[in-house]
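Asker: fold the following and give me the result.
(chains A, B, C, D and E, ligands or ions: 9)
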Amino acid sequence: MAQSIAKEFTKGLWAELPPFRLVLGLCPVLAVTQSVENGIGMGLATTFVLICSNFLVSLLRNIIPAKVRIACYIVIIATFVTIVELLMQAFVYELFLKLGIFIPLIVVNCIVLGRAEAFAGKNAPHMAIADGLGMGIGFTLSLGALGAVRESLGAGTILGTPLFGPDFQPFTFMVQAPGAFVCLGLMLCLMNLIGKK
Amino acid sequence: MHKQNKYTVSHAPFWHDGDTIATMNLNLILAALPAAIFGILKFGAPALGVLSLAVSSAILWELAFNFISKRDITIADYDAAAIGMLVGMMLPATAPWWIVLIGTLIAVVVGKMIYGGIGGNPFNPAVVGIAVLLVSWKQIFDFDAALLNYEFGFTALAPLAALKHQGVAAMDLFQTRDLAMGCQVGSIGTVFGAGIILGGIYLILRGYIRWEISLSYVAGILLTAFLFRLVNPDIYASPLFHLFTGYTLLGAFFLATENSSSPVNLVPMIIYGAMGGVMTILIRNIGSYPDGTVFAILLINLINPLIDRIRPKALGKGVNNA
Amino acid sequence: MTDYFVLAISCIFVNNILLAQFLGNCPFLGTSKKMETAAGMSMAVVFVLVMAGIITWITDTYLLKPLNIEFLRTLSFILVIASLVQFVEMFLKKSIPGLYAGLGIFLPLITTNCAVMGACLINIKEEYTFLQATVASFSYAIGFGLALVLFAGLRERINIARVPQPLQDTSLGLVTAGMIALSFYAFKGMV
Amino acid sequence: MIKRSFIKLTGPRLLCDRVEPDPKKPETIPIPPRLVLLLHEPLDSTRETLIKKGDMVKRGERLFLYKESTEYAVSPVSGTITSIASYTGDFGTIATYFIVERDEKDTSENEFAEFAETPDLKSADSFLRSLPGAPSLSRFLDPDRKINTLVIEGSDSDLMSTTRQYLLATAKEEIKRGIQILRQMTGVAKIAITVPENGNDALSSEGVQVFKVSRVYPKALPQMVMKDHLEITVLPGATCEDHGVTFMSVEAVISLARTYTKKDPVYDKVLTVIAKDGTRHLVKAVIGTPLHRIFKQFNLQTNERDRIIIGGPMTGFAAYTLYHPVEPAMDTIQIQDREEIPYVSDYPCINCGKCVRACPANVPVNLLVRYLEADLYEEAADSFDLQSCIECGLCSYVCTARIPLFQYIRLGKHQLTELESEATNA
Amino acid sequence: MREMISMVVVLTVLSAFSGGLLATVRSNTQDRIENQVLKFEKAPAIKAILSDVSNDPLQDRFKLTTDGIENTFFVGKQDGKAASVAFETKGKGFEGAIGLMVGIDLETDTVIGVRVTTHSETPGVGSRAKDDPSFASQFEGQSLENGFSVKSDGGAIDAMSGATITSKGVCLAATKAQELYTKLKPEINNQITNLAN
Ligand SMILES: Cc1cc2nc3c(=O)[nH]c(=O)nc-3n(C[C@H](O)[C@H](O)[C@H](O)COP(=O)(O)O)c2cc1C
Ligand SMILES: Cc1cc2nc3c(=O)[nH]c(=O)nc-3n(C[C@H](O)[C@H](O)[C@H](O)COP(=O)(O)O)c2cc1C
Ligand SMILES: Cc1cc2nc3c(=O)[nH]c(=O)nc-3n(C[C@H](O)[C@H](O)[C@H](O)COP(=O)(O)O)c2cc1C
Ligand SMILES: Cc1cc2nc3c(=O)[nH]c(=O)nc-3n(C[C@@H](O)[C@H](O)[C@H](O)CO)c2cc1C
Ligand code: SF4
Ligand code: SF4
Ligand code: SF4
Ligand code: SF4
Ligand code: FES
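Answerer: Ligands and ions are numbered 1, 2, ... in the order given. The predicted structure follows:
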């Protein structure tokens, strides 16, 4: 039992690591990873929604009729997204400003809906939480990693702390739109290389 | 006659016109030399330094990628050298060494090698390299600041930047003849317009570039600039001013004509070249960059696969003999 | 009139929904391998985005704002879009089966496409009027379609090139998308 | 041989050679003691052949491999079969060769004599297929494709060759006679002849249309003649015969005339032999003569890794042994020094567009080759006009990346036919 | 039929639950969010502009609506008397809207100072309008007579090098503030007297 919880948890960290293994939910990955802080913030917000919606979906899985399943999932997810939105405005307003419309857009992030449909709707609540937590943390770490690469090269800082001397002129391409695509693409290549071994 | 020779067996045709990728690229470098040498004479040792670092680093990046990807060594085709040469020519003589290295790295690796090497690249590698530098370290391409320490015998202002800042009054500072003969501030390989044209004509005559692209590019520049000027001569500069400044000529003869990212059929070549010229002037006149060549070329590279579908009907296609 | 033209140009090129706003990337990468698929998806997006833009604008202006329940925007928009897509699907299947055959497979994809939801949210955030919202939605969709079709053109060539194995497909697709975004810098500052 | 002008604004302009106004007579090669006969049918090692090693053959005897065989070779001499073996040709096609050791005594087998009085298509096809020039008589017998036009090729279609032009200039009377025989035999409505652009109209009096063909390669290739002179465009994947037209070498016409005059088949073939340095020799040799016999006559040396080209440099093929025989349809033999052999590479297409400029059939070779390299033959045919190619070889000739384009194209067409026949069989 | 009913019931209950939950969260965060908005978006700018005032301008605020747009005005007092007013306008920058807080001396009708509140300009290029005080300081003490424009447009403001478009956007916002102030001056004075009472 414990073993399978661990399995559901760890698969999100490597075997099915979003967004690298499952190439889904790319928009926030590209849009908010100019810095580690944004990336992790976005990741945590998504994780929160993922865990809560997974939990509720799993809890209600025997009550929800199959035909309106997706509609119910969307209502559940949207509810938690709105909660995150409100909480972030109330407590971490600066971060909320930076993440912009990508917070409400968690609602269409197919990782969230995808986990509800593919996992939570079919499994017990504790498993669903493990799954949500694993996926969420995997997603957060990926965003953080991408944020770290882009922030360090593109701004010369990590979490706002300068990495290089004062003469350093940052490689701002990395924090711009094209840099996001290129950087994610190259990281994906790296993952493929590692995955092959 | 009992010992048989081994004869070469292979398939027809048994003749070839003799071209190779290496000779093509060497001809490109040769054609670029007048403009490059002029740049070296004018900007001195730093210019030579930038050019040689660009060429050698481009070759080394390609070699490194060959090793890492465990593929055949391809530097003997001089393609990396050609790319390095073009990147170097688009940089100011005072570009720091690391800018040159990053520029050629992006050009060769991101622009070309990851697409499978020569022929696979959808965008002009040299232009990709410069574009990335341009959006990252804008100040490097501020030629006025970059060449502050030089003494020139002429108006030491980068014409296009002057145009952007002072408006059309800037035009009076420059004679078209002087611009064409290289009396202007700019990057190493693009100030000597006459030299680039010379190289371009050489390449056209030798059949190494598709002249349709170059000519329609130049026509696009002249026509669009002319129309703008017709509408409001108080704001917009003259066609010839645009032709002999910035990367225009290099773009028309050396950049837009890069093989892999440009069309090969007549109508598409003309659309492609003309679009390049039109976009260059649009960016200069109403966009935010002083020189639009780099982004205009990326844009036409982007539409290339789509427009190159316009091609003459192959023999017998859609024919009804009855 | 010129204002609407400028708005359209800005939404198609300068603020292209895919390349500048980072919305709709999954279908961008997922449906760009073949020109036909890309064209189909583009049509479907134009169709749905315009309708969604209009309906969400009405919802927001005449329902959420008067009742002062803007905090339910996310919830109501996603429900509106999901039902709209369902409805369009049913309608097309019955009435215009030809079009349904063409667009059908793309419609469900669109429900969970950030481009649609995002464009609707931007319409509200930018405080567009009804007409502006309509023009903007249409232009965003055109911008999406344009980028998608151009991308498909490139990808058809890239797919038959000798790309090193680890870079194949999505990886190189992303880098190429970056190059497209870079080339769209050409339009910066034009409006 | 590499040809490139310094200035190269347009596509390549390759000119076919022209025979001198007053050509020397061909030099005759003595009949060799051993002849090699090629038969275009694969040898099945598990079956017993009709003709076996050690059998005696008579002059003019047709050699069939098996009972049901339709292909045959004709022995130009009397002698003994000393060996039968397989021979691998272009694209892995398998043929069979016989070696005939000539007897001093010439016993001839004139089976043909009884049919020689009145020219008749059926009998001609069953005896005269391997006359010099290889008359394409069987094409008139195909009930599915009615042939209404016969084009006689008096103009050499590939570069360097002058064989047909020589015959055109020196055997007018026999050509006229041959045309009469062909008309009588086939009843074909229209007969035309291609001649070099400076040729004369002497033959037009016979009711023969004269097509003056430009020197520029590939204007003399059948599909180009169809397009330029008959105004018929061969549809992709179709043959000239599908459009009711067939082509025949002028040598075949002459051979027919001589055969019916003598009432005995002829075996002497005219050939252009081109040495490494480009000197040209016209020769007359019996079909079956191994090439080394011809080279010995002119003291032509061949070395390891040289190339023996049979046919023209653009469309011919390379022989791998000097024992390759003179064949009925062969016009030209050329020795290419190994230093002159252009290398091919395994580079990808760099999209330089030279092939597209050069292609007379408007094939988008730059894209086509990518699909062929990836073995996507159906896409290649559907979207990139594989079947429109008229096989002139110009694309390979100009390719900057030195891709063996022409080979890819022929292979592609070959694979496509296989795919199609698989599909129809399934 | 049963299924139909269960579908309707489930969806209704779910939506009601979601609505209730959200309303609760909303009502508990509402005030905090409003404060956050003021604190993060407006406060720094207001504090910087109205530096030597004796009251808290965030408290002394009122709203006016013109052309359907609501504007909040913050009043600065000296010695208990209203001396200055600050409000926000928007201009168009390189990447999007630029919010500009403009402070005006009620006595002399001159600009006390301007600060960028929100923007999405390129870090290190256009963002200097907010981060680098030397650009904004050019507006200090300028009269409100005319609008503002950069030198290349014939005005008096030195554009930031490499960010002319951002500079133009700021000027546009300042000009709008001038127009708004000129138009609303009587009402502003009205409100201020109200506030005093
Ligand atoms: C691959 C590479 C990348 C570099 N990238 C940067 C850069 O992005 N910004 C920068 O200022 N210096 C960059 N440098 C340069 C060094 O850090 C350099 O020593 C530093 O700019 C100090 O230069 P100075 O001697 O002009 O002060 C790079 C060097 C290399 C080799
Ligand atoms: C395809 C082919 C390949 C042959 N290869 C050889 C060979 O490699 N060596 C050889 O001595 N004879 C070779 N022969 C020729 C004979 O077997 C021939 O009868 C014999 O060598 C003597 O021939 P000659 O008197 O014409 O020289 C070949 C014949 C053919 C048709
Ligand atoms: C990556 C990048 C970011 C830019 N960001 C800004 C910006 O934030 N604000 C701005 O006004 N111009 C921006 N620009 C535009 C150019 O710098 C443009 O040339 C400039 O606005 C014209 O100003 P100048 O005449 O002062 O150089 C940016 C350009 C690039 C390449
Ligand atoms: C006329 C000419 C122009 C070229 N221009 C470019 C160029 O702008 N950028 C580049 O990376 N390579 C250029 N090349 C190099 C060329 O080898 C090219 O990279 C290949 O064609 C690869 O597709 C050029 C070559 C020639 C002959
Ligand atoms: S559902 Fe959305 S996120 Fe998932 S693959 Fe489709 S478009 Fe991408
Ligand atoms: S070229 Fe081919 S199709 Fe045409 S006549 Fe000759 S064999 Fe027939
Ligand atoms: S061989 Fe090449 S050039 Fe000739 S027709 Fe075919 S594709 Fe065209
Ligand atoms: S000639 Fe060769 S390299 Fe050039 S486009 Fe054609 S196939 Fe490609
Ligand atoms: S389309 Fe935006 S995350 Fe998938």
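
Asker: helix or strand right after the least confident helix or strand in chain A by mean pLDDT?
Answerer: Using mean pLDDT, DSSP states H and E, helix A:2-11 stands out as the lowest-scoring helix or strand of chain A, at a mean of 77. Downstream of helix A:2-11, the next assigned helix or strand under DSSP states H and E is helix A:26-31.

Asker: ok, residues contacting that following helix?
Answerer: The contact list for helix A:26-31 (C-beta atoms under 8 Å, 6 or more residues apart in numbering or on different chains) reads A:19, A:42, A:46, A:102, A:105-106, A:109, A:142-143, A:146, A:177, A:180-181, A:184, C:21-26, C:29, C:114, C:118. In this view, the C-beta of every residue, glycine as well, is placed from N, C-alpha and C.

Asker: filter the residues you listed down to just the ones in helices.
Answerer: A:42, A:46, A:142-143, A:146, A:177, A:180-181, A:184, C:25-26, C:29, C:114, C:118 (DSSP state H).

Asker: can you pick the most crowded of these?
Answerer: residue C:114 (30 neighbours; other C-beta atoms under 10 Å in any protein chain shown).

Asker: and the gap between it and residue C:74?
Answerer: 12 Å (C-beta to C-beta, to the nearest Å).

Asker: so which bits of chain E are right by chain A?
Answerer: Counting by C-beta under 8 Å from any C-beta of the partner chain, chain E comes close to chain A at E:3, E:6-7, E:10-11, E:14-15, E:18, E:21-22, E:25-26, E:29, E:32-33, E:36-37, E:39-41, E:118, E:122-125.

Asker: give me every residue that touches residue 93.
Answerer: No chain was given, so I picked chain A. Taking C-beta under 8 Å, 6+ apart, one finds E:33, E:36-37, E:39-40 in contact with residue A:93.

Asker: actually chain E
Answerer: Contact analysis of residue E:93 by C-beta under 8 Å, 6+ apart lists E:119-121, E:126, E:129, E:165-166, E:169-170.

Asker: mean confidence for the biggest helix by length in chain E?
Answerer: When chain E is scanned for its longest helix (criterion: DSSP H), the result is helix E:2-37. The average pLDDT for helix E:2-37 rounds to 84.

Asker: check which element follows that helix along the chain.
Answerer: Counting by DSSP H and E, what follows helix E:2-37 is helix E:43-49.

Asker: using the three-state scheme, assign the spatially most central residue of chain E.
Answerer: Residue closest to the mean C-alpha point of chain E, counted by C-alpha atoms, centre = their mean, is residue E:88 at 2.9 Å. Look at residue E:88: counting by DSSP: H, G, I helix; E, B strand; the rest coil, its state is strand.

Asker: tell me what it is bridged to.
Answerer: residue E:101 (DSSP bridges).

Asker: distance check, whichever residue of chain D sits closest to chain C against chain A.
Answerer: Closest to chain C within chain D is residue D:370: 4.5 Å, counting by C-beta to the nearest C-beta. Distance of residue D:370 to chain A, given as C-beta to the nearest C-beta, to the nearest Å: 22 Å.

Asker: can you map out the strands along the stretch 251-400 of chain D?
Answerer: In the stretch 251-400 of chain D, the strands defined using DSSP state E, counting those that start in this stretch lie at D:268-274, D:280-286, D:307-310, D:317-319, D:332-336.

Asker: lowest confidence element among the helices and strands of chain C?
Answerer: For chain C, judged by mean pLDDT, DSSP H and E, that is helix C:107-111, with a mean of 70.

Asker: the closest residue to residue B:43 other than its chain neighbours: what secondary structure?
Answerer: In space, residue B:43 comes closest to residue B:93 once its chain neighbours are excluded; the distance is 3.6 Å by C-beta to C-beta, 6 or more residues apart in numbering or on different chains. The three-state label given to residue B:93 by three-state DSSP is coil.

Asker: how close does residue B:93 get to ligand 8?
Answerer: 35 Å (C-beta to the nearest ligand atom, to the nearest Å).

Asker: and for residue D:337?
Answerer: 25 Å.

Asker: point out where the chain drops to low pLDDT.
Answerer: I'll assume chain A. Along chain A, the parts satisfying pLDDT under 70 run over A:1-3, A:22, A:196-197.

Asker: nope, chain D
Answerer: Looking at chain D by pLDDT under 70, you get D:1-7, D:91.
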